[in-house]
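1. just to be clear, the model below is a prediction. Sequence and coordinates:
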Amino acid sequence: MKKLEYRGYDSAGVATLDGKLVVRKDKGKINEINNSLHFDEMPGTMGIAHTRWATHGGVTKENAHPHTDCKNEIALVHNGIIENFQELGKELSEKGHRFRSQTDSEVIVHLIEDCWRESLEQAVRDAVKKLRGSYALLVVSIREPGKIVCVRNESPLLIGLGEGEFFAASDAVPIIEYTRRVAYLEDGEAAVLTRDGVVFRAVENWARIKKEEKKVEWNAEDAKADGDYMLKEIFEQPRGLRNVLLQDEENLLAFAEEIRNAKRVIAVACGTARHSAVIGKHLLDRVAGKEIDVLIASEFSYFADRTDEETVVLAVSQSGETADVLDGLRKSKAKGARIMAIVNVRGSSIDRFAERSLYLNCGPEIAVASTKAFMNQCAVFYLLAHAMAGKLGKAKNDLKALAGLVQKELDKTNGKTKEIAGRLARKQHAYYIGRGVNFAI
């Protein structure tokens, strides 16, 4: 749970099964809640857990996950947004269901309760067919205590395949200490975890399906920090710059050729990744003479239906799971656009969706504020621009030199940084001024 706290940190909770369903949850940081509720002392060998960042409903104990049904026999955790939760909630209320929270997620567990006819799998399958929106669900029930049912639609979910133990998580960071063997669920797919193994199914007809096993390239040490994750990741930037050079050169050159020849290129991203794409726009124009557009993903969705077979949509994302980016990619691909990506996480949703990808190779970035991933996004654009211009060798030499310069700066700047930070901390306002390529910074 601690390793997922960067995805949500206003509340947390755990449900385990050990002859009965035990649920403990509250608002606050995980360490604070654990000090009073003792998650690590909960009984059982199977459970589900969740860290929350509020979208529907305020930050309260009642709104924390897991949520349970009327009889406290089913428990559920959910990532995503259910668009028709009010409509479903009204129907369920009229049938006698009583809700304890203001969340869209609680509606789902009551819907599963209402749909139960034969089994937990049947109830989950029938319930999710009534949902509109995005969801990654983990569901358990005391009525079938040896089973976790997992379902995905437009929210990331992977299954970890250990030795005599199995995991489901939003990303690989919390499980790589136990296994690096994973299978990624696609939209409309489910997994049923038991003590004996994992069965994958298609939600539409619940037919059994085969999933390809992947190996996570990171290891447990990459996702650990002895203190502050952001500080750790700042000091990993020189290594990140060296690792960004470990591109498949044939793939990079083919990627560059497709960008060069495309009639129209639209880079789509959110947050920090969008800032790197603005820098990329300058680099591609100045170095390779290629003009591209850059759109924030939430706005691109409104224009995605104007793309066509002569358009390349270039997705930029550290996690490869950015919901707004994925929404735009689906819409533009339906119109015939080609999808290419710059991502950090191999096997992520965007990586799997794209025809061709370039990788940041900077290891997991857990701090909310991006550092090494932003640096490497800019570096990938630098490589791409020079590959398009036939100057890839120069770009590689430049980035090797830059890695050394960044290391030298980090080694000597710590005292000066603290002094500047001390002065800034006492100020009420800060103004950042830049033009051209520096505007994005």
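-> Arrived safely.

2. separation between residue 252 and residue 261?
-> From residue 252 across to residue 261, the span is 15 Å (CB to CB, to the nearest Å). Yep, even glycine has a C-beta here, placed from its N, CA and C like the rest.

3. which one's the longest strand in this protein?
-> Secondary structure of the chain per DSSP state E: the longest strand is strand 144-153.

4. name the next helix or strand downstream of it, please.
-> Per DSSP states H and E, strand 144-153 leads on to strand 158-161 as the next helix or strand towards the C-terminus.

5. pLDDT on that following strand, on average?
-> Across strand 158-161, pLDDT averages out at 96.

6. given it, what are its sheet partners and their directions?
-> Listed by DSSP bridges, the sheet partners of strand 158-161 and their directions read strand 166-169 (antiparallel), strand 181-184 (antiparallel).

7. can you redo those strands as CSV with mean pLDDT and mean neighbour count?
-> Below are the strands paired with strand 158-161 laid out as CSV (pLDDT from 0 to 100; neighbours: other CB atoms under 10 Å):
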stretch, mean pLDDT, mean neighbour count
strand 166-169, 96, 21
strand 181-184, 95, 19
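
8. in a markdown table, list those strands along with distance to residue 326.
-> Conversion of these to a markdown table gives the following (distance: least, CB to CB, whole Å):
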| stretch | distance to residue 326 |
| --- | --- |
| strand 166-169 | 18 |
| strand 181-184 | 14 |
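
9. where along the stretch 151-300 of the chain do the strands fall?
-> With strands called from DSSP state E, counting those that start in this stretch, the stretch 151-300 of the chain shows them at 158-161, 166-169, 181-184, 189-194, 197-202, 208-209, 214-215, 264-269, 293-296.

10. coming back round to it: other residues contacting the longest strand of the chain?
-> Defining contact as CB atoms under 8 Å, 6 or more residues apart in numbering, one finds that strand 144-153 is touched by 17, 19, 46, 48, 80, 119-121, 124, 128, 131, 133-141, 157, 159, 168, 185-195, 203.

11. how about the nearest residue to residue 170, chain neighbours excluded?
-> residue 156 (5.3 Å; CB to CB, 6 or more residues apart in numbering).

12. right, and the one you found touches residue 168 too?
-> No. The pair residue 156 and residue 168 fails to qualify as a contact (CB atoms under 8 Å) at a distance of 10.9 Å.

13. what's the helix or strand for the spatially most central residue of the chain?
-> To find the centre residue of the chain, average its C-alpha atoms and take the closest one (CA atoms, centre = their mean): that gives residue 321, at 4.1 Å. Secondary structure assignment for residue 321, by DSSP H and E: no helix or strand.

14. tell me how many other residues crowd the residue lying closest to residue 98 once chain neighbours are set aside.
-> Counting by CB to CB, 6+ apart, residue 98 lies nearest to residue 70, which is 6.3 Å off, once chain neighbours are set aside. A total of 16 residues lie near residue 70 under the criterion other CB atoms under 10 Å.

15. give me the phi and psi for residue 70.
-> Dihedral pair for residue 70: phi -60, psi -40, per degrees, to the nearest 10.

16. give me the pLDDT for it.
-> Confidence per residue is given as pLDDT, and for residue 70 that number is 95.

17. give me every residue that touches residue 157.
-> 79, 136, 150-151, 168-170, 184-185.

18. which positions in stretch 266-283 come out as buried?
-> Going by neighbour count (16 or more other CB atoms under 10 Å), the buried part of stretch 266-283 is 266-283.

19. skipping its backbone neighbours, what lies nearest residue 237 in space?
-> With CB to CB, 6+ apart as the criterion, residue 237 has its nearest non-adjacent residue at 4.8 Å, and that residue is residue 372.

20. count of residues packed around the one you found?
-> Neighbour tally, residue 372, other CB under 10 Å: 28.

21. so who does it touch?
-> Applying CB under 8 Å, 6+ apart as the definition, the contact partners of residue 372 turn out to be 233-234, 236-237, 240, 362-363, 365.

22. got a winner among the residues you listed for most neighbours?
-> With neighbours set by other CB under 10 Å, the maximum within these is found at residue 365, which has 28 neighbours.

23. excluding residues flanking it in the chain, which one is nearest that residue?
-> Once its chain neighbours are removed from consideration, residue 365 has its nearest residue in residue 373; the separation is 4.6 Å (CB to CB, 6+ apart).

24. wasn't that neighbour part of a strand?
-> No. The assignment for residue 373 by DSSP: H, G, I helix; E, B strand; the rest coil gives helix, which leaves it out of any strand.

25. which ones are touching it?
-> Each residue near residue 373 by CB under 8 Å, 6+ apart is listed here: 272, 318, 344, 360, 362, 365.

26. export the residues you listed to JSON lines and tack on pLDDT and secondary structure?
-> Supplementary listing: the contacts of residue 373 in JSON lines, determined by pLDDT from 0 to 100; DSSP: H, G, I helix; E, B strand; the rest coil:
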{"residue": "272", "pLDDT": "95", "secondary structure": "helix"}
{"residue": "318", "pLDDT": "93", "secondary structure": "coil"}
{"residue": "344", "pLDDT": "94", "secondary structure": "coil"}
{"residue": "360", "pLDDT": "96", "secondary structure": "coil"}
{"residue": "362", "pLDDT": "92", "secondary structure": "coil"}
{"residue": "365", "pLDDT": "88", "secondary structure": "coil"}
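
27. and which of these is nearest residue 34?
-> residue 365 (24.9 Å; CB to CB).

28. right, and that closest one touches residue 375 too?
-> No. Using CB under 8 Å, residue 365 makes no contact with residue 375, being 10.4 Å away.

29. may I see the PyMOL selection of the buried members of the contacts of strand 144-153?
-> Here is the PyMOL command that selects the buried residues among the contacts of strand 144-153 (16+ other CB under 10 Å):
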select buried, resi 17+46+48+80+120+121+124+128+131+134+135+136+137+138+139+140+141+157+159+168+185+189+190+191+192+193+203
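
30. give me the number of residues near the closest residue to residue 10 other than its chain neighbours?
-> Distance criterion CB to CB, 6+ apart; nearest residue to residue 10, sequence neighbours excluded, is residue 59 at 4.5 Å. Residue 59: 13 surrounding residues under other CB under 10 Å.

31. same deal with residue 205?
-> With neighbours defined by other CB under 10 Å, the count for residue 205 comes to 7.

32. now swap in the one 10 residues further on and tell me
-> When counting by other CB under 10 Å, one arrives at 10 neighbours for residue 215.

33. OK, contacts around it?
-> By CB under 8 Å, 6+ apart, residue 215 lies in contact with 180-182.

34. in the sheet, who's paired with it?
-> Beta-bridge partners, per DSSP bridges, of residue 215: residue 181.

35. what separation do you get for the residue nearest to residue 310 when sequence neighbours are not counted and residue 290?
-> Using CB to CB, 6+ apart and skipping residues adjacent in sequence, the residue nearest residue 310 is residue 263, 4.0 Å away. Distance, residue 263 to residue 290, by CB to CB: 11 Å.

36. no more questions from me, cheers.
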